[in-house]
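A.B. asks: got a predicted model here, sequence first, then my questions.
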Amino acid sequence: MTDQQNSGPAASAPVVGLVLVSHSARLAEGAAELARQLGGEAPVEPAGGLPEGGLGTSIELIEQAVRAADRGAGVVILADLGSAVLTVKLLLDDAADLPGPVVLADAPLVEGAVSAAVAAASGADLDAVRAAAEEARDFRKL
Amino acid sequence: MTTSPAAPALDTAFFTAWITRAAAAIEADRVRLTELDAAIGDGDHGTNLDRGFAGVMRVLDTTSPRTPATVLSLTGTTLISKVGGASGPLYGTAFRRAGSALGDTPETDLPGLAAALDAALAAIRKLGAARDGDKTMVDALAPAVAALNDAASKATPLLDALSAMVDAARAGAEATIPMQASKGRASYLGPRSIGHEDPGAASTVVILTALRDTAVAAASDGHSAASGGPTDGREEPSGD
């Protein structure tokens, strides 16, 4: 899977993690399922809905997902819309106790997640994974 | 007999009484706020805020905040955690930043309160990236904060200053009716968002009215709003 010979860091360099935030638990889980299937090795954690069920955004669930997705190379978050985006921005504003660097990608949830997961699994760093997610905004389908 | 009632102390008990009154007012207005939201949003604003403030009351009932800043910080943190909609992070960061602006003082004054609400407005603007006229809570809060700052700079008595604040908030919320939304779910409606009051602006009026009413109740008691014993300031929030 890798052709980095002497230039690479350690044999198993940490991989960038992904967190998918949606108002809907099922949408977040489904998008994560798809991204894992296409992305391979990258950790992809869903954070959808409210802890007690129902549609909404939970800062606690997002924080837990960030911790679960962290492998030491940072975490890229993708969010669907509205309060999901606001809640992530707020979490990052007070990010004192989050592990490592955590960034929000300005990207569509499904296409961005797949693109970012593929990039992360290939060993891309945090900025490159975020860029891969954001490039998905311009993917044309027709 | 033209003496105005004594201004209440803006201490921890006052801020606790404000949040308590705001929680009751949001509960009383839950259906109205949700109906406003159903017209242009996703129809959960009243329900979400009521869930959030109910959580706030549980926290305030089981902790003993020592400063006004602690009351506001606990309020904000709980709203962020419990609301679940966009108003959670927005009001949550507003209350937390207002608390930070107060520092650890045991009691503030009108200029201090105005500065705290200024910080709340700045936090909402930063997080939501809403400008004036976007048909959001900013359209009620910005004129309210401007009116409060204006009153503070003229050394207006507290109750008059708070009344001017509420009047400005109400006028600002009414001014959202002809606006076209450009933030949030309502923006997907485009021109069809015109003709409805923004629910976030409406809930801002409810929360600021509770602040004014808390001061009025405390002043008519002649002492701080919640100095320990039973007071007369516990009647139903006056709503409109």
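C.D. replies: Here it is on my side, so go on. The structure presented is a predicted model; accordingly, all values stated were derived computationally and were not measured.
A.B. asks: okay, which residue is most central for chain B?
C.D. replies: B:Ile207 (3.1 Å; CA atoms, centre = their mean).
A.B. asks: right, I mislabeled it, should have said chain A
C.D. replies: Compute the mean C-alpha point of chain A, and by CA atoms, centre = their mean the closest residue is A:Leu18, 2.2 Å away.
A.B. asks: residues in contact with it?
C.D. replies: Going by CB atoms under 8 Å, 6 or more residues apart in numbering or on different chains, A:Leu18 touches A:32, A:35, A:39, A:42-45, A:69, A:75-78, A:113, A:116-117, A:120, A:129. Just so you know, the C-beta spots here come from the backbone N, C-alpha and C atoms, and that holds for glycine as well.
A.B. asks: go on, A:Ala107?
C.D. replies: Here A:Ala107 is in contact with A:78, A:115-116, A:133-134, A:136-137 (CB under 8 Å, 6+ apart).
A.B. asks: excluding its backbone neighbours, what's nearest it?
C.D. replies: A:Ala133 (3.9 Å; CB to CB, 6 or more residues apart in numbering or on different chains).
A.B. asks: looking at it, the one you found is touching A:Ala116, isn't it?
C.D. replies: Yes - the pair A:Ala133 / A:Ala116 is scored as a contact, 3.9 Å apart, by CB atoms under 8 Å.
A.B. asks: can you map out the helices along the chain?
C.D. replies: Here I'm looking at chain A. Taking DSSP state H, the helices of chain A run over residues A:25-39, A:59-69, A:83-93, A:109-121, A:126-135.
A.B. asks: that's the wrong chain, I wanted chain B
C.D. replies: B:12-28, B:30-40, B:45-62, B:68-82, B:87-102, B:110-128, B:138-153, B:158-174, B:199-221.
A.B. asks: picking that back up, return the most buried member of the helices of chain A.
C.D. replies: With neighbours taken as mean count of other CB atoms under 10 Å in any protein chain shown, the helices of chain A reach their highest mean count in helix A:109-121, at a mean of 25.
A.B. asks: give me the neighbour count for B:Pro89.
C.D. replies: 29 (other CB atoms under 10 Å in any protein chain shown).
A.B. asks: just to check, it is in contact with B:Leu127?
C.D. replies: Yes - assessed by CB under 8 Å, B:Pro89 is found in contact with B:Leu127 at 6.2 Å.
A.B. asks: overlap in contacts of those two?
C.D. replies: Residues touching both B:Pro89 and B:Leu127 (CB under 8 Å, 6+ apart): A:86, A:89-90.
A.B. asks: and the contacts of stretch B:101-119?
C.D. replies: B:9-12, B:66-69, B:72, B:97-100, B:120, B:141, B:144-145, B:148-149, B:151-152, B:156, B:158, B:161.
A.B. asks: I misspoke; the intended subject was stretch B:186-201.
C.D. replies: Identification of contacts with stretch B:186-201 by CB under 8 Å, 6+ apart yields B:33-34, B:36-37, B:39-41, B:45-46, B:87, B:90, B:135-137, B:139-140, B:169, B:172-174, B:176-181.
A.B. asks: name the nearest residue to the closest residue to chain B within chain A, sequence neighbours excluded.
C.D. replies: Taking CB to the nearest CB, chain B has its nearest neighbour within chain A at A:Gly56, 2.9 Å off. Closest residue to A:Gly56 apart from its sequence neighbours, by CB to CB, 6+ apart: B:Gly84 at 2.9 Å.
A.B. asks: please name the residues that touch the one you found.
C.D. replies: Counting by CB under 8 Å, 6+ apart, B:Gly84 has contacts A:50, A:54-58, A:83, B:48, B:51-52.
A.B. asks: burial check on the residue lying closest to B:Ala186 once chain neighbours are set aside, number of neighbours?
C.D. replies: Nearest non-adjacent residue to B:Ala186, counting by CB to CB, 6+ apart: B:Ile40, 4.0 Å away. By the measure other CB under 10 Å, the count of residues near B:Ile40 is 23.
A.B. asks: which parts of stretch B:104-112 are buried?
C.D. replies: Across stretch B:104-112, burial judged by 16 or more other CB atoms under 10 Å in any protein chain shown covers B:107-108, B:110, B:112.
A.B. asks: which pair in those residues spans the largest distance?
C.D. replies: Maximum pairwise distance among those (CB to CB): 11.9 Å, between B:Glu107 and B:Leu110.
A.B. asks: pLDDT on stretch B:8-19, on average?
C.D. replies: The average pLDDT within stretch B:8-19 is 97.
A.B. asks: just give me how far that stretch sits from the chain centre.
C.D. replies: Here stretch B:8-19 is found 13 Å from its chain centre; the criterion is CA atoms, centre = their mean, to the nearest Å.
A.B. asks: then stretch A:69-86?
C.D. replies: A distance of 5 Å separates the C-alpha centroid of stretch A:69-86 from that of its chain, computed with CA atoms, centre = their mean.
A.B. asks: and chain B, is it touching that?
C.D. replies: Yes - under the criterion of CB under 8 Å from any CB of the partner chain, chain B is reached by stretch A:69-86 at A:82-83, A:86.
A.B. asks: neighbours of B:Asp198, just the number please.
C.D. replies: Using other CB under 10 Å, B:Asp198 is surrounded by 32 other residues.
A.B. asks: check the one 5 residues further on too.
C.D. replies: By the measure other CB under 10 Å, the count of residues near B:Ser203 is 28.
A.B. asks: quick one: contacts for it?
C.D. replies: Here B:Ser203 is in contact with B:26, B:29, B:33, B:45-46, B:49, B:87, B:137 (CB under 8 Å, 6+ apart).
A.B. asks: thanks a lot, catch you later.
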